[in-house]
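Colleague: Provide a 3D model corresponding to the input given below.
(2 chains)
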Amino acid sequence: MIPSSYYLALSAIIFVIAVVGVLVRRNAIVILMCIEMMMGAAGLAFVTFSRYLNSLDGQVVVFLVMAVAAAEVAVGLGIILSIFRHKETTDVDEINLLKW
Amino acid sequence: MEMVLFIVLGAIAIAAAVGVIMARKTVYSALFLLVNFCSLAGLYLLLNAQFLAAAQVIVYAGAIVVLFLFATMLLGGGEEISNLKSQISKNYLAIVLAVVLFVEVGYVVVSGTLTGTQGSDTPEALARVGNVQAIGKLLFTDYLLPFELAAVLLLIGIIGAVVLAKKKPNTRYPISNTHD
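Modeller: Below is the predicted model of the structure:
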């Protein structure tokens, strides 16, 4: 049996890579993808703890997070689409309407 | 054997995650994301979460990545132009922040001893009823309210996506004028 800390370390690595992606990339779609990747990494940690504690609660939480992620992606891409209609770009540096 | 699978799947997951943020084209990012989700599903299998592994492939790899690909093709997956000088210093700052975050999380993982109350769903108990049945029972008893709320959330998500993505009559690209 692989120690839980290995899975947690892997989850942390993927999460941090996704954080770098959110901070570095400027394409809104890629940023949304990185957020999905963070959710996946967090889900891996949840399932790891679920195995460690011999409890299925963690797996149920991951299942509910999947539903949230699906809704989030649908709405997020809808927002990006409507921004693209107005500004013809998905570059987050160009979307500065609220900046003064 | 288990360790070999873990290392291979973990390496693929990390490489795909790096690929998502390094790829110049959005379509490649989406395909790397697919690889990442599939290797995560393999890791779920290693962790004895068969139902989640299947759901991961269906929901993430099947639905979400396809949605990303559709959006990319609607918007045109252009390459990013990195000409700004401030962008480079911003990147260094981002990497420094990420390293700080990683050290923090790593410190907790390495130093902290895992505690908590052990539940009753041991692998032996799960092997008797099966992972899917156990999760289903939990979803419809203890987690009934969150489950129903997730259904409402998905409905709101569908409506929100339609409302946001719908073409308005007075936009810059009217549909009706093109063909008459």
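Colleague: Could you tell me which residues make contact with residue 92?
Modeller: Looking at chain A here, since you left the chain open. A:Val92 makes contact with A:26-28, A:31 under the criterion C-beta atoms under 8 Å, 6 or more residues apart in numbering or on different chains. From N, CA and C alone the C-beta is placed, and that goes for glycine too.
Colleague: mind running it again at 7 Å?
Modeller: Neighbour list for A:Val92: A:26, A:28, A:31 [criterion: C-beta atoms under 7 Å, 6 or more residues apart in numbering or on different chains].
Colleague: Next step: these restricted to strands.
Modeller: The members of the contacts of A:Val92 all map outside strands under DSSP state E.
Colleague: Let me know the closest of those residues to chain B.
Modeller: Minimum distance to chain B across these is 6.0 Å, recorded for A:Arg26 (C-beta to the nearest C-beta).
Colleague: how far away is the closest one from A:Leu32?
Modeller: A:Arg26 sits 12 Å away from A:Leu32, going by C-beta to C-beta, to the nearest Å.
Colleague: So the two - more neighbours on which side?
Modeller: Neighbour totals were compared for A:Arg26 and A:Leu32, and A:Leu32 leads with 22 against 19 (other C-beta atoms under 10 Å in any protein chain shown).
Colleague: Please identify which helix or strand holds the residue nearest to the more buried one when sequence neighbours are not counted.
Modeller: Leaving aside its sequence neighbours, A:Leu32 sits nearest to A:Gly76 (C-beta to C-beta, 6 or more residues apart in numbering or on different chains; 5.0 Å). Following DSSP states H and E, one finds A:Gly76 within helix A:57-87.
Colleague: Report the rounded mean pLDDT for that helix.
Modeller: Averaged across helix A:57-87, the pLDDT comes to 90.
Colleague: In that helix, which residues are buried?
Modeller: A:57-67, A:69-84 (16 or more other C-beta atoms under 10 Å in any protein chain shown).
Colleague: how far out from the middle of the chain is stretch B:15-29?
Modeller: 14 Å (C-alpha atoms, centre = their mean, to the nearest Å).
Colleague: is chain A contacted by it?
Modeller: Yes - between stretch B:15-29 and chain A, judged by C-beta under 7 Å from any C-beta of the partner chain, the touching residues are B:17-18, B:20-21, B:26, B:29.
Colleague: Who wins on neighbours among the residues you listed?
Modeller: In terms of neighbour count, B:Ala17 stands highest of these at 28 neighbours, by other C-beta under 10 Å.
Colleague: What is the neighbour count of A:Met1?
Modeller: 9.
Colleague: So it versus A:Leu10, what's the distance?
Modeller: Applying C-beta to C-beta, the value for A:Met1 to A:Leu10 is 15 Å.
Colleague: Which strands or helices does the longest helix along chain B pack on?
Modeller: Longest helix in chain B, counting residues (DSSP state H): helix B:85-111. Here helix B:85-111 touches helix A:4-24, going by 3 or more C-beta pairs under 7 Å, 6 or more residues apart in numbering or on different chains; DSSP states H and E.
Colleague: From the chain's centroid, how far away is the lowest-mean-pLDDT helix or strand in chain B?
Modeller: When the helices and strands of chain B are compared on mean pLDDT, DSSP states H and E, helix B:123-129 comes out lowest with a mean of 78. Mean-position distance between helix B:123-129 and its chain equals 28 Å (C-alpha atoms, centre = their mean).
Colleague: Which SSE is immediately downstream of that helix?
Modeller: Assigned by DSSP H and E, the successor of helix B:123-129 is helix B:131-140.
Colleague: neighbouring contacts of that next one?
Modeller: Residues outside helix B:131-140 that contact it (C-beta under 7 Å, 6+ apart) are A:56, A:59-60, B:49-51, B:121, B:126, B:147.
Colleague: The residue nearest to A:Leu32 contacts A:Met33, doesn't it?
Modeller: No - if you go by C-beta atoms under 7 Å, A:Gly76 and A:Met33 don't touch, sitting 10.1 Å apart.
Colleague: related to what we said a few turns ago, as a whole number, average confidence for the longest helix of chain B?
Modeller: 81.
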